[in-house]
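Enquirer: take a look and give me a structure for this.
(4 chains, ligands or ions: 5)
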Amino acid sequence: MSNETINGRGLAEAERLYRDYGIRAKKLKEQGQKSIAYVCALVPLEIIAAAGFIPIRIRGDVNEPITKGDIDLETIACPYARSCFDNAVKGRYSFCDGLAIPHSCDSTARTYSVWRYVLNFPYSHFINTPHTANTSALEFFRADLKNFLKSLGRFARSEITDAKLARYVELYNENRKKVMALYALRKQDPPLISGAEMVKALVAGLSLPVEEASDLYDQVREEILNRKDAAIKKLPRIMVVGSAIDNHDFMQLIEESGANVVVDDLCIGTREFGPPTAVTDDPMDGIADRYLNRINCPRTYREKKEGETLEDDLAARFGDAGKLAKEYAVDGVILYMYKYCDPFGFEIPVRKTWFESLGLPVLYIEDEYSAGTTGSLRTRIQAFLEVIE
Amino acid sequence: MADEQDAKKRRKATEAAGKIGGMVRAAIGGTIKAKQEGKKLAYAFISSSYDEIIRAMDIVPVWTENYAGICGVKRDVNRFLERAESLGLSRSLCTYALCGIGFDQMREELGEMPPNSPWGGQARPDMMLSSGQILCDPRNKWYQASQQFMPDVPIYNVGLPWPMYEDDVDVDDVADYYIKHIVKELRGLIAFLEKQTGKKMDYDRLSGIVALAEHTWDLIWETYEMRRATPTPMDTGDAMNTMVPMVFMMGTQEAYDFYLALKAELQDKIDRKEGVIEDEKYRLLWGGGLPSWFALNDFNYFNSKGAVFPAETTYRLVEPIERLNIPNTSDPVERLAWRWLRYWTYWYDKARKRPGSEPDVERLIQYIEDYKIDGIVMHEAFSCRTWHLGLIWQLNQLKKIYRPIPVLSLGKPARRENPSLILESDIIDMSSYSEVETRSKIDAFIETLESLKSNQIA
Amino acid sequence: MDELRAGATGCTAGIDIGASFSKAVILSDNRILSRHIIPSGGNYRHAAETVLGAALEKAKLSRHDIRKIVATGGGAANVPFADTISSDIACQGRGVFFLHPSVRTIIDVGDLSSKVSRIDANGRTSAFLLSGKCAGGSARILQVIARVLRVKIDEIGPLSLKSQNPVRFNTQCAVFAETEAVSRIAEGLAKEDLLAGIHLALASQLYTLAERVGMEQDCALIGGGAKDIGLLKAVQEIAGHACIVPDEPQMMAALGAAIIAGESGA
Amino acid sequence: MTKVAIIEEETIRCSVIGHTGPEQRKLAGRVVKEALDKAGLSMEDISYLVATGYGRINVPFADKQITEISCHARGVNALFPEARTVIDIGGQDVKGIKIDGQGKPVDFVMNDKCAAGTGRFLEVIAETLGLQIEDLSRTAAESANPARISSLCTVFAAQEVASRLSEGVPLGDLVAGIHQSVAERIIRTVSRLSITREVVITGGGAKNGNLVKMLADKLGYGALVPPEPLLSGAIGAAMLARDRFQKAGPGQMLKRPRDFGEVTFFNA
Ligand SMILES: Nc1ncnc2c1ncn2[C@@H]1O[C@H](COP(=O)(O)OP(=O)(O)O)[C@@H](O)[C@H]1O
Ligand SMILES: Nc1ncnc2c1ncn2[C@@H]1O[C@H](COP(=O)(O)OP(=O)(O)O)[C@@H](O)[C@H]1O
Ligand code: SF4
Ligand code: SF4
Ligand code: SF4
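Expert: Ligands and ions are numbered 1, 2, ... in the order given. Sure, this is the predicted structure:
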């Protein structure tokens, strides 16, 4: 199957799918295959896939000035969300049949109506992901996901059985495992795959049916393992921590400045691909649990337990990232945030404190989601690397 | 000469609005005093459906947004914003939160109130009540950020969702699991407060306070409706003051009495046909956004140009209780939950009847009609996404779906053009505000209204 | 000539004191008798005197012949002899409507700021937006670049049209644009490609502003920037349709002011 | 401005400051030659050469490019070992750098998007008023009553200043107001770091005594200024060059011919 669906191999194929994003889904559409566009890692892909749709993650484009999107959306939304919206308004996702938006943050939730009306997809749905993570919230979320499932089922005119859900839980878990296997190639020094290559591969996969994405990741891995001429040198090892990065430009900038990006805590990165969905009797239990409790995004409030010290609390909130930093032997951390991103913004001081307490130097960058900022970022990054040296 | 003219046109503020300054000062002073007396203080966010619960537990709320607003009015925010920035917080975040965090950090570091704090300062809390509702990220993260330098102060985060407006989802179909969750969150809050105070909740007392609050809701709603009179007896400039008891004192007798007095005053003004200004030429709707607290004078400027604001969407946080269709229940917590859900979904059914409409747009249309509105004014504060995202779109949508009001169409089939002005500045950060520029925008807007009016007559 | 004199009892004048240029238009019975434009220089009051004087001279009139004078533009408050002041938005609207009654959207690219407005079928403004407190989205950047490239401002438009390959221009700041332009040229970039890139960047800002008030097919580009054919092309490209540039696009506000002066009673 | 410093062991052998035109590459070569001539040295005598600053990539004959952040930190540390915060006011940007006792930067912030609040702002105002940049400080000192400048934007502010001057506002008051405005912006940028003493102000802006005084007023304590603030970056670069050379050990550095690469772009 893989050879028939994916022409070209590994990195080259990833590059093609990354550049011509959505091309595969457009092709499949000719055969009647429908897809649902979505924003944010908090949308349960298992449900969309089980309903018979390809989930297509909406991307921004750092090289494309935001124009049409600004007509309906205030510029005080985060620039990443604005760019995603701009691209959608410009018709890059018009091949999709529906839209799913979760309550990730103000920049997405408060603009749901704008997305819904301006893009005018035949189907749209808002997933009301709770902000707090307790048992009541989990129950609520489960009910809300059932509601999503029902609504999708109505649109698809088909019943979404538990067996189908369970099947996609399995497929997505497998997919996530393959991504993490790619990450493992970066534990070596120098890493076998660069940060920029990684972004391209991961993003490419987000526009494919999950089975094909898994194949793609396999092929990339195979190619990397056999690659003799990789130009990756031994350089300081950097971890990038922040909200969402879906263009390779930023990683490339870091790597051009004389460092290797070896791991991250990002969307379209380990935050999204790291945690698997628990296999439960009712698949929805595992799904609700993953998207509320396991995806460790600051938009979900995790409370400081009684009697916990501040250090305990930080360890509970950022321990995952800290573990990765250790596993991948990083030399420094770049905290990367978009302007107007409240969920991450309020955590910058504690995150900085936390990484510094692990002995890691931290560079904090607030960016605009535009390749236009490259020039001024270069100086900051180079200076940071000089500090690490 | 200009002064003379201004004097003639000078707006007549309500007496009620005049009382607010004193009330706020007393409230803030009161929290500091309460602290000294050993009462329990809680940092809290407005519009989080927990006012009655806090009051019933005798906890003294410290409204942190309010205090930031006060700093804004007093034009003393810079040192707190800069402090927050130096902690690593971006200036693009909610400036209320930045001001609050900056202030708290300074107080903690000094071990006392920062020198010359506006109105005596913001007292150190015994607990913090976050609001992880669908409304706003900063209220979900602000207190957590403050814990970095107040690790001993516990937080309870109340997560209160409501369903988003969808074409194909009826609120009643989902209300079940929403209510269940909201009730649990509120009960969790009660348990938390019981633990913090060592006292048990007195549910009869809570019921009493909920009932008082609901009477207050109705009363407030009536005062809003009274402003439909021509000339309007009160405008938004005043409402930005008179909202204080609604927002910060809900569930108290004082708030109820305040609105009782306001209602009587408005009735009196209506009977005497006394308007905000003598010669009311344009009726405007404050159609969204929080005001710039340091520039409330701009409302006077509008007034001096013959424009009044009989209505605003901002801070209109009540609907008539009866119309909320709250199911019968003797449990005050359940009642709170239903009121919450129904309030936020109040406009959904109306919106469903007009294709392309949306609850927020529907509300604008209703107010335009009820208050005989000539124009809309909105404010886009850069630091607050919550109240300011979607405004442009609402305006666009309004133009698209709203049928022309006959008087303005002048027999022509043209769409009604709603004149619009979007000011760009912030709630408390003055660095982005320019009075000259704002006023010249207002001038141009008034000219626009003038020419539309003259079209109407022609 | 006598005819003109005869009509002169009903003469009105509009004066637009802009940040960079001051303009005056003298109007009689809906006919333009004369118009004049001079650089504003540092002293607005002086500029107002001079530009009106010159316009009067062209029309062979004296101050007494003018029934009413309306001032507009950023420096309007400095015109002591004006009877009233009117906002530039209203004036532009009237001016454009006078010449091109079909126009519904007006994009004014002035020296310090850009303004976008919509007018209805009666020539009244129904909505408008101004660019912010940053000169980045205005015509000033064109002036700056012209200086860097050592070409006359009138030449940048034609030069830009030659570009096959517009670059992406990063700097929004009208001041730092100079530095970026200098170093890009030093890197060997062709002047026309740089210009075309700047035109695209500016046009896209203008377009977004225009779309916010509602851009319609019948659209006019005015102000000093409208004289730049490269900018015009870029705006049209992004908007996907043609834009009218009135004769003497810089004079629209002054013209409108003169019209408003004529309307407002005796 | 392009600056060159040559150091030998601990001492500065010589330094030269030249104007940065559009032809950076050509200029860098010329200024270095001038410095060498002054010191009586030739290029072969230079063991290691570090280029820094906005145009650092345009110095083809450098052994290494290092950001101005590290260089300023190092340079200031060499001059004032007690310094913990550096405020660098350049023409292209304003930077705040926190440094440790070794002169390593530990944190930094910069404003390089908007000319308001940079040295460039002052240049534009000086140009508008027909003053020399060197005279600004003195002119401002004449004022007891600084005018409030309401525009933040450089372009708007220049306009505002010009028209208020014509309204009869005294020149000194306007210039003082402009200084006030720049000082506020700088403090706003730099206070994103928690500023700790001692504070050193460098870069061209530090040559402006009035500006330095206003900054000190806002800080609430005095700030240190190097004898030639324009040179801190170049000195730091030279120190870092020496550090690198010493670390590598003599003979270890590759000696490659330094190409002065004169290039001119404006042949018109
Ligand atoms: N031929 C041209 N091409 C490009 N820009 C021009 C041209 N002529 C004038 N400008 C620009 O137009 C601006 C002046 O426009 P104007 O509408 O008169 O502004 P203002 O009324 O604010 O003075 C100046 O910034 C100038 O650079
Ligand atoms: N003699 C002087 N007096 C006052 N200010 C000066 C003087 N010389 C330079 N400056 C200021 O210094 C700035 C340039 O500083 P510099 O550190 O050389 O910047 P850069 O390295 O970015 O070119 C100028 O913009 C100007 O404001
Ligand atoms: S970057 Fe931040 S604000 Fe933007 S979409 Fe993500 S979480 Fe929301
Ligand atoms: S973002 Fe808006 S609603 Fe939220 S706390 Fe800030 S000002 Fe209030
Ligand atoms: S970026 Fe440039 S043009 Fe914009 S405000 Fe700053 S100085 Fe002015």
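Enquirer: now do the end-to-end distance for stretch B:276-288.
Expert: One end of stretch B:276-288 sits 21 Å from the other (CA to CA, to the nearest Å).
Enquirer: ok, residue A:242 touching residue A:344?
Expert: Yes - Residue A:242 sits in contact with residue A:344 when judged by CB atoms under 8 Å, with a separation of 6.4 Å. No exception for glycine: its C-beta is placed from N, CA and C like everyone else's.
Enquirer: list the residues that contact both of those two?
Expert: Listed as contacting both residue A:242 and residue A:344 by CB atoms under 8 Å, 6 or more residues apart in numbering or on different chains are A:337-338.
Enquirer: show me what contacts residue B:65?
Expert: B:45-46, B:96, B:100.
Enquirer: ok, now how distant is it from residue B:138?
Expert: Counting by CB to CB, to the nearest Å, the separation of residue B:65 from residue B:138 is 9 Å.
Enquirer: could you do residue D:188 as well?
Expert: 21 Å.
Enquirer: what does the stretch 51-200 of chain D put close to chain B?
Expert: D:150-152, D:187-188, D:191-195 (CB under 8 Å from any CB of the partner chain).
Enquirer: redo that, cut-off 10 Å
Expert: Counting by CB under 10 Å from any CB of the partner chain, the stretch 51-200 of chain D comes close to chain B at D:96, D:107, D:109, D:150-152, D:156, D:160, D:184-185, D:187-195.
Enquirer: residue 183 sits in which helix or strand?
Expert: Went with chain A since none was named. For residue A:183, the host element (DSSP states H and E) is helix A:162-184.
Enquirer: meant chain B actually
Expert: Here residue B:183 is assigned to helix B:171-197, by DSSP H and E.
Enquirer: find residues that contact each of residue B:65 and residue B:138.
Expert: Counting by CB atoms under 10 Å, 6 or more residues apart in numbering or on different chains, the contacts common to residue B:65 and residue B:138 are B:45, B:94, B:96-97, B:100.
Enquirer: biggest separation within those, which pair?
Expert: B:45 and B:94 (11.4 Å; CB to CB).
Enquirer: looking at chain C, which helix is longest?
Expert: Scanning chain C for the helix with the most residues, using DSSP state H, yields helix C:191-213.
Enquirer: using CSV, write out the CA atom coordinates for that helix.
Expert: C-alpha atoms of helix C:191-213 as CSV (Å, rounded to 0.1, in the frame of the first residue of the first chain):
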residue,chain,number,x,y,z
LYS,C,191,16.9,49.1,-7.1
GLU,C,192,13.7,48.2,-8.9
ASP,C,193,13.3,45.0,-7.0
LEU,C,194,13.7,46.7,-3.7
LEU,C,195,11.2,49.4,-4.7
ALA,C,196,8.7,46.8,-5.9
GLY,C,197,9.1,45.0,-2.6
ILE,C,198,8.4,48.1,-0.6
HIS,C,199,5.4,48.9,-2.8
LEU,C,200,4.0,45.5,-2.2
ALA,C,201,4.5,45.7,1.6
LEU,C,202,2.8,49.2,1.8
ALA,C,203,0.0,48.1,-0.6
SER,C,204,-0.8,45.1,1.6
GLN,C,205,-1.0,47.3,4.7
LEU,C,206,-3.3,49.7,2.8
TYR,C,207,-5.5,46.9,1.5
THR,C,208,-6.0,45.4,4.9
LEU,C,209,-7.0,48.8,6.2
ALA,C,210,-9.4,49.3,3.3
GLU,C,211,-10.9,45.9,3.6
ARG,C,212,-11.7,46.7,7.2
VAL,C,213,-14.0,49.4,6.3
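Enquirer: report the buried residues of the helix holding residue B:183.
Expert: By 16 or more other CB atoms under 10 Å in any protein chain shown, the buried positions in helix B:171-197 come out as B:171, B:174-175, B:177-190, B:192-193, B:196-197.
Enquirer: helices or strands up against that helix?
Expert: Judged by 3 or more CB pairs under 10 Å, 6 or more residues apart in numbering or on different chains; DSSP states H and E, helix B:171-197 is in contact with helix A:135-156, strand B:41-44, helix B:51-56, strand B:127-131, strand B:155-158, helix B:332-344.
Enquirer: okay, now residue 58: neighbour count?
Expert: Chain wasn't specified; assuming chain A. 26 (other CB atoms under 10 Å in any protein chain shown).
Enquirer: that's the wrong chain, I meant chain D
Expert: Neighbours around residue D:58, by other CB under 10 Å: 23.
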